[in-house]
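Trainee: Build me a model:
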Amino acid sequence: MQRRLLFALALFAPLSALATVVLSLSMEELTAKSPLVVRGTVHRVDTQWDEGHHGIWTTSEIVVREVLKGTPRTTVLVKQPGGTVGTFSQRVSGVATFTPGEDVVLFLEPAVDVPDAFVPYSMSAAKVSLVQKGGQTVALRDLSGLSFAVPGQKGVIRPVDERETLGVADAFLDRVRLAVKKGGAR
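Mentor: I've put the predicted structure just below:
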């Protein structure tokens, strides 16, 4: 995924100066392509320098409530570039942000550089927050800092940079469960 993302960034960077470009995928496609899909609660968020003190990385620990697809587990570590350490900050457009206590659904793939850690399959588009709104729980995606490349359409980019409501949480979760069932994966 990281190699695909870097290729997409290099290919489309001149067209979208301040956004990270990812493929535009339906929720069903995102579910099919992600080896691990979980619902959980953000337990802890830690930010630190890499070994060479060149970059900042944020690791979020998610306590898993339900594995929708993939190998059963009780926690998931999500590693992403950027964050703040002391007075130094490094920002990466399109990175999912996590807050302790947040209820989330994540579409993940293994991190290539850290055993037992994962990265969101499609940056912040692979994180859905389940939040209270108007007396019900709804599914929301924060797509700030993202633009979507449209598969099969060379050079077409659709900027999003918005919050997207995906409907009532129970219906959203049922949609993901159905996509997993149709894909035959668990």
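Trainee: State the number of residues packed around residue 154.
Mentor: Applying other CB atoms under 10 Å, we find 7 residues neighbouring residue 154. Heads up, the C-betas are built off the backbone N, CA and C, glycines and all.
Trainee: any idea how far it is from residue 148?
Mentor: According to CB to CB, to the nearest Å, residue 154 and residue 148 sit 14 Å apart.
Trainee: for the helix or strand harbouring residue 77, packing partners?
Mentor: Following DSSP states H and E, the helix or strand that holds residue 77 is strand 75-81. With contacts taken as 3 or more CB pairs under 8 Å, 6 or more residues apart in numbering; DSSP states H and E, strand 75-81 sits against strand 36-49, strand 56-69, strand 103-110, strand 117-124.
Trainee: Could you point out the helix or strand that follows it?
Mentor: strand 83-85.
Trainee: Quick check: phi and psi at residue 27.
Mentor: When read as degrees, to the nearest 10, the backbone of residue 27 gives phi -60, psi -30.
Trainee: That one: neighbouring residues, count only.
Mentor: 18.
Trainee: quick one: pLDDT of residue 110?
Mentor: At residue 110, the model reports a pLDDT of 95.
Trainee: which residues does it contact?
Mentor: Counting by CB atoms under 8 Å, 6 or more residues apart in numbering, residue 110 touches 35, 36, 117, 118, 119.
Trainee: can you put these in a markdown table and add pLDDT?
Mentor: Output for the contacts of residue 110, formatted as a markdown table (pLDDT from 0 to 100):
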| residue | pLDDT |
| --- | --- |
| 35 | 95 |
| 36 | 96 |
| 117 | 93 |
| 118 | 95 |
| 119 | 93 |
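Trainee: filter these to the buried ones?
Mentor: Neighbour-count burial (16 or more other CB atoms under 10 Å) is assigned, among those, to 36, 117, 118, 119.
Trainee: Residue 170: which of the residues you listed is nearest?
Mentor: The shortest approach to residue 170 among the buried ones among the contacts of residue 110 belongs to residue 36, at 21.4 Å (CB to CB).
Trainee: tell me the phi and psi of the closest residue to that closest one other than its chain neighbours?
Mentor: Spatial nearest neighbour of residue 36, excluding adjacent residues (CB to CB, 6 or more residues apart in numbering): residue 70 at 3.6 Å. Main-chain torsions, residue 70, degrees, to the nearest 10: phi 110, psi -170.
Trainee: Tell me where the model's unsure across this protein.
Mentor: 1-19, 155-156, 158-161, 184-186 (pLDDT under 70).
Trainee: what about the nearest residue to residue 136 once chain neighbours are set aside, distance to residue 131?
Mentor: Once flanking residues are discounted, residue 136 sits nearest to residue 168: 6.0 Å by CB to CB, 6+ apart. Separation of residue 168 from residue 131 (CB to CB) stands at 11 Å.
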